[in-house]
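A.B. asks: 3D, please:
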Amino acid sequence: MAKLQVAIDLLTTKDALALAAKIAPYIDIIELGTPLIKNEGIAVVTAMKQAHPDKLVFADLKTMDAGELEADIAFKAGADLVTVLGAAGNATIAGAIKAGKTHGKGVVVDTIGVADRVKRAQEVIGLGAEFVELHAGLDEQWTDGYSIQVLIDEAARAGVPVSIAGGVNITNIDAVIKAGVKVAVAGAAIYGAQDPATAAKALREAIDAA
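C.D. replies: Coordinates of the predicted model:
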């Protein structure tokens, strides 16, 4: 069964905790977005893990260098998963994975900005990544002609454990799950909804039914 991950791209710990409290019954992974961590510091990771010890807390560090050091900081703060950019060198990714093994935690490789996401996904799984996030960032999503179908097609071809992040919502969740993803990542579809709990519940039910 695929997991549902919420990407919280809010900017304060207070708002992130308030959102998580509303949607916790329906999600598996709570992702603390890069802007949130930059704005509030690593303490937001600790606060979220303390509030939801039964959930996987995902620190979206988007590490590009000093992989072992940055991952170690996040894992010590309570993160269960951290991201390293797929554009980083293999040594950076391997360093983060080393820290993950030390703490019994996982590393997700984020392919934002990578030209050949499928190829890179296959490479980094070989390094020991937990899974690979096939990711179209916000700026890419706002580009004319963008379609999440590109990520769905890549997931179906990858042949390794992947997630999709880049506009997942209730209209495309069935196709996302049928592409074989390990995790579906929804951001604005949840935190931008008039009723985030209802939106998260609908996505959960669609995943379970797929």
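
A.B. asks: Okay, residue 175 and residue 206: tell me how far apart.
C.D. replies: Using C-beta to C-beta, to the nearest Å, residue 175 is found at 11 Å from residue 206. Quick note: C-beta positions are derived from backbone N, CA and C, even for glycine.

A.B. asks: looking at this, residue 123 is in a helix?
C.D. replies: Yes: counting by DSSP: H, G, I helix; E, B strand; the rest coil, residue 123 is located in a helix.

A.B. asks: In space, what's closest to it - neighbours in sequence excluded?
C.D. replies: residue 90 (7.8 Å; C-beta to C-beta, 6 or more residues apart in numbering).

A.B. asks: so that neighbour makes contact with residue 127?
C.D. replies: Yes: contact criterion C-beta atoms under 8 Å: residue 90 and residue 127 qualify, at 6.2 Å.

A.B. asks: Mind checking which of those two has more residues around it?
C.D. replies: Taking neighbours as other C-beta atoms under 10 Å, residue 90 and residue 127 compare with residue 127 leading, 15 against 12.

A.B. asks: My guess is the more buried one contacts residue 94. True?
C.D. replies: Yes: with contact taken as C-beta under 8 Å, residue 127 and residue 94 are classed as touching, separated by 5.5 Å.

A.B. asks: how far away is the residue nearest to residue 123 from residue 107?
C.D. replies: With C-beta to C-beta as the criterion, residue 90 and residue 107 are 12 Å apart.
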